[in-house]
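K.L.:
Give me a model of this one.
(chains A and B)
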Amino acid sequence: MSLVNLRIDRLGGLRGALEKLGAYLLFAGRLLVVSPRALLRPGLVVAQIYNAGALSLALIMFCGLFVGMVLGLQGADLLQRFGAEEALGPAAALGMLKQLGPVVAALLFAGRAGTALTSEIGLMAATDQLSAMEMMAVDPVRRVCVPRFLGALIALPLLTAIFITIGLYGSQLVGVQLLGIDTGQFWSQMRNAVELDDIAEGLVKSMFFALAIASLAVFEGFHAQPTAEGVGRATTRTVVNSSIAVLLLNYVLTAFYIQ
Amino acid sequence: MRQSRSIELATGFFAALGFAAMLFMVTQITNRSPTFGEAGFRLEADFDNVGSLKEGAPVSMSGVSVGRVESIRFNQGTYKAHVVLRIQPQFNRIPDDSDAAIFTAGLLGGQYVGLQAGGSETFYRDGGHIELTQSAIVLEELISKFLFSFASKEADQKTAPPAQSP
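P.N.:
Sure thing, here's the model as predicted:
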């Protein structure tokens, strides 16, 4: 008897998960459909690019510098064992462009901007602002969700580019200034090894990550239980789900690019 | 009003910085300039063995890059590797008896195609075919050749003394 109950419980859990997934996909589809019309009011989107992008800038630059520096330090240490420290340039550039740049920037973005989105929209729901909008015949998805979604979508690729550039400066700083690798070797080997496709790969990845994080954050905020506890839980789910989505997507995209 | 203007300023600064970073990536950390359409002309060459030559590998003359490898495929008619090279348009005075060889850059570097100028008065045009080619050196072949010659030398030395002793 208890076994049967357990099975039904499990089935219920599975059903709940599928319902949640379906609700998310429908909501993400709705966001995408409404997005073009939201561009008619660019002021709202610009304000959200400021919230998601400009406010994350200091964090992204600081972390990018240190990720690049540690890449330079560890890479130079490893390559010096083979007497191939000139290969630090390509190693740092490809590592930053393809993996560390898009992924670390996306994880930081999920923590900094994704949580802000979720808690803001969740609090709007908890304080009945969204219901008030509906009563005034203003669609909250169009007025609140879509500008935030688009702002995050535009901000993350730009942040990723800044992250990568600062990171390369950081590995150059450690490799060339600190460990004495020839600066000409560092840059010329990097330029020979890096293809335009590698740069495109990094930016395409960050666009997919932006899509995942922005839609998840807005979804969680919009569907949060309108209580203090519910908003807190929704914020946690945003970080957890977007981190999982980013790392999962990263593997799939890398496999797709490497073939 | 003042607040919204400072927001616009910060957003503009952020976007400009982002695009500057993208421009830096495209222009400074790669020396592949974006090619719009098909620039340059094509040369074809058949190699017995291309080793680990890859598409996109450089084509160089006297060590200076003049083009890239566009495609590599196996020709079932001749049982050779058919390599198409794309040469930049300004290098239009390559003698049509020049030869192509596959070299390795450095000890661990990738392979590239080296063109050596011939003495002909006429030049390669689009779609020209390079007749004289030299395959990539495959390390295993080199080692096995060395071992065989070493072994046969040893065999010679072993058979030589009995012939001298009487």
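K.L.:
nearest residue to the residue of the stretch 151-259 of chain A at minimum distance from chain B other than its sequence neighbours?
P.N.:
Using C-beta to the nearest C-beta, the closest approach of the stretch 151-259 of chain A to chain B is made by A:Leu158 at 2.7 Å. Any C-beta I mention is one placed from the backbone N, CA and C, and that applies to glycine too. Sequence neighbours aside, B:Gly18 is the residue nearest to A:Leu158 in space, at 2.7 Å (criterion: C-beta to C-beta, 6 or more residues apart in numbering or on different chains).
K.L.:
Tell me the pLDDT of that neighbour.
P.N.:
Note for B:Gly18: predicted pLDDT of 90.
K.L.:
How many neighbouring residues does it have?
P.N.:
By other C-beta atoms under 10 Å in any protein chain shown, 24 other residues sit near B:Gly18.
K.L.:
So it sits against A:Ile154, correct?
P.N.:
No. Using C-beta atoms under 8 Å, B:Gly18 is not in contact with A:Ile154, being 9.0 Å away.
K.L.:
Would you mind listing what in chain B touches chain A?
P.N.:
Contacts of chain B with chain A, taken as C-beta under 8 Å from any C-beta of the partner chain, map to B:4, B:7-8, B:10-11, B:13-15, B:17-19, B:21-22, B:24-26, B:28-32, B:34, B:56, B:108.
K.L.:
okay, and for chain B, where does confidence drop off?
P.N.:
The model of chain B has pLDDT under 70 over residues B:1-3, B:32-38, B:106-109, B:160-166.
K.L.:
Mind jotting down where the helices sit in the chain?
P.N.:
Here I'm looking at chain A. A:2-38, A:42-52, A:57-81, A:88-94, A:101-109, A:115-126, A:129-135, A:140, A:146-172, A:183-193, A:196-222, A:228-258 (DSSP state H).
K.L.:
sorry, should have said chain B
P.N.:
B:2-28, B:139-164.
K.L.:
what helices or strands is the longest one leaning on?
P.N.:
So the one you mean is helix B:2-28. On a contact count with 3 or more C-beta pairs under 8 Å, 6 or more residues apart in numbering or on different chains; DSSP states H and E, helix B:2-28 meets helix A:42-52, helix A:146-172, helix A:196-222.
K.L.:
residue contacts, the residue in chain B positioned nearest to chain A?
P.N.:
In chain B, the residue that lies nearest chain A is B:Gly18 (2.7 Å; C-beta to the nearest C-beta). Contact analysis of B:Gly18 by C-beta atoms under 8 Å, 6 or more residues apart in numbering or on different chains lists A:53, A:157-159, A:161-162.
K.L.:
who wins for most neighbours among the residues you listed?
P.N.:
Using other C-beta under 10 Å as the neighbour test, these are led by A:Leu159, with 33 neighbours.
K.L.:
Just give me the neighbour total for the nearest residue to that one once chain neighbours are set aside.
P.N.:
Spatial nearest neighbour of A:Leu159, excluding adjacent residues (C-beta to C-beta, 6+ apart): A:Ile60 at 4.9 Å. A:Ile60 has 24 neighbours, counted by other C-beta under 10 Å.
K.L.:
My read is that A:Ile60 contacts A:Ala105, right?
P.N.:
Yes. A:Ile60 is within contact range of A:Ala105, at 6.1 Å (criterion: C-beta under 8 Å).
K.L.:
Among the contacts of B:Gly18, pick out the one closest to A:Leu130, please.
P.N.:
Closest approach to A:Leu130 among these (C-beta to C-beta): A:Gly53, at 24.3 Å.
K.L.:
give the contact list for that closest one.
P.N.:
Contacts of A:Gly53 (C-beta under 8 Å, 6+ apart): A:113, A:151, A:154-156, A:158-159, B:11, B:14-15, B:18.
K.L.:
run the last query once more with 10 Å
P.N.:
By C-beta atoms under 10 Å, 6 or more residues apart in numbering or on different chains, the contact list for A:Gly53 reads A:60, A:109, A:113, A:151-152, A:154-159, A:162, B:10-11, B:14-15, B:17-18.
K.L.:
try B:Ala81
P.N.:
B:Ala81 makes contacts with B:45-51, B:53, B:72-75, B:102, B:133, B:135-136, as judged by C-beta under 10 Å, 6+ apart.
K.L.:
List the buried residues for stretch A:200-215?
P.N.:
Residues A:201-215 are the ones in stretch A:200-215 that count as buried (16 or more other C-beta atoms under 10 Å in any protein chain shown).
K.L.:
Show the overlap between those residues and what lies near chain B.
P.N.:
Within the set of the buried residues of stretch A:200-215, contact with chain B (C-beta under 10 Å from any C-beta of the partner chain) is found for A:202-203.
K.L.:
Nearest to A:Gly175 among the buried residues of stretch A:200-215?
P.N.:
Using C-beta to C-beta, the buried residues of stretch A:200-215 come closest to A:Gly175 at A:Gly202, 20.0 Å.
K.L.:
nearest spatial neighbour of the closest one, skipping sequence neighbours?
P.N.:
Closest to A:Gly202 by C-beta to C-beta, 6+ apart is A:Leu97, at 4.3 Å.
K.L.:
Report pLDDT for the one you found.
P.N.:
With respect to pLDDT, A:Leu97 has a value of 90.
K.L.:
what is in contact with B:Gly18 and A:Ile154 at once?
P.N.:
A:49, A:53.
K.L.:
Can you tell me which residues in the stretch 151-259 of chain A are near chain B?
P.N.:
Checking the stretch 151-259 of chain A against chain B by C-beta under 10 Å from any C-beta, the hits are A:151, A:154-166, A:168-169, A:187-200, A:202-203.
K.L.:
and if we set it to 8 Å?
P.N.:
A:155, A:157-159, A:161-162, A:164-165, A:168, A:190-192, A:194-196, A:198-199, A:203.
K.L.:
now do the stretch 1-150 of chain A
P.N.:
A:46-47, A:49-50, A:53-54, A:57, A:84, A:93, A:97.
K.L.:
Quick check: A:Gly122 touching A:Arg233?
P.N.:
No. The criterion here is C-beta under 8 Å, and A:Gly122 misses it with A:Arg233 at 9.2 Å.
K.L.:
the more surrounded of these two?
P.N.:
A direct count of neighbours by other C-beta under 10 Å for A:Gly122 and A:Arg233 places A:Gly122 higher, at 27 against 16.
K.L.:
Now do the same contact list for the residue nearest the centre of chain A.
P.N.:
The residue lying closest to the centre of chain A (C-alpha atoms, centre = their mean) is A:Ala106, at 2.7 Å. A:Ala106 makes contacts with A:156, A:160, A:206, A:209-210, A:213, A:242, A:246, as judged by C-beta under 8 Å, 6+ apart.
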